[in-house]
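Undergrad: sequence first, then the predicted structure:
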Amino acid sequence: PSAAAVVAVTAPNRPLTVAWCGDCRAYILPRPGNTAQRLTNDHNLRRVSPEDDETLPGDRSMLTSLLGTCDDDESALTSFGHPVVEAVTLPGAPGESRRLVLASCGAYEPHEDGGHPLAGELTGTPREAARRFTAKAVQLSLAASRALDPNRPNADNAT
């Protein structure tokens, strides 16, 4: 099996480390309501050729790296300019309050494509924020899908 994945590891007063493969993303909000900072860079055709985003043949979301691939870092770097798995570490500060958001492409793309700032959907308790963020992504995705094809019944998977 192959899959995109994002994993976060942290402990109180320790650095936050995020590793990813594919087009799942991690965002950090220093405090709820602030601007979300994207921590990851997608492993897909948009990253490889951002200037050709609208004219790429095939799907702009075609993955250039994923879990379960036979590629090694050297071949991925040569072909796509990034390793198979990437990681970023952010220092932790005592008493610092941050909100971490992990999202699939089906959850972040509708917000991004619609020009909606993520932070606006990520207020309240973590459960409320996750439900609101995902519900809005499904709503936006369905609207966009039906605008392209009125008979298309499903939105992308928003997790």
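TA: Perfect, thanks for sending it.
Undergrad: residue ranges with poor pLDDT in the protein?
TA: 1, 31-33, 50-60, 93-96, 145-159 (pLDDT under 70).
Undergrad: let's see 50
TA: 56 (pLDDT under 50).
Undergrad: of all residues in it, which one is nearest the centre?
TA: Nearest residue to the geometric centre of the chain (C-alpha atoms, centre = their mean): Arg25, 2.4 Å.
Undergrad: check contacts around that one.
TA: Val6, Arg38, Leu39, Thr40, Asp42, Leu102, Ala103, Cys105, Tyr108 (C-beta atoms under 8 Å, 6 or more residues apart in numbering). Just so you know, the C-beta spots here come from the backbone N, C-alpha and C atoms, and that holds for glycine as well.
Undergrad: and it, backbone torsions?
TA: Dihedral pair for Arg25: phi -130, psi 160, per degrees, to the nearest 10.
Undergrad: who does it bridge with?
TA: Beta bridges link Arg25 to Ala103, judged by DSSP bridges.
Undergrad: quick check: Gly120 vs Leu140, distance?
TA: Distance, Gly120 to Leu140, using C-beta to C-beta, to the nearest Å: 13 Å.
Undergrad: and the two? which has more neighbours close in?
TA: Applying other C-beta atoms under 10 Å to Gly120 and Leu140 shows that Leu140 carries more neighbours, namely 19 against 14.
Undergrad: and that one, which of the three is it?
TA: helix (DSSP: H, G, I helix; E, B strand; the rest coil).
Undergrad: from Ala5, how far out is it?
TA: According to C-beta to C-beta, Leu140 stands 24 Å off from Ala5.
Undergrad: circling back: which of the contacts of Arg25 lies closest to Pro15?
TA: Leu39 (12.4 Å; C-beta to C-beta).
Undergrad: what's around the nearest residue to the closest one once chain neighbours are set aside, how many residues?
TA: Excluding its sequence neighbours, the residue lying closest to Leu39 (C-beta to C-beta, 6 or more residues apart in numbering) is Ala26, at 4.4 Å. If you count neighbours by other C-beta under 10 Å, Ala26 ends up with 21.
Undergrad: surely Ala26 is in contact with Thr10?
TA: No: with contact defined as C-beta atoms under 8 Å, Ala26 does not count as touching Thr10 (11.3 Å).
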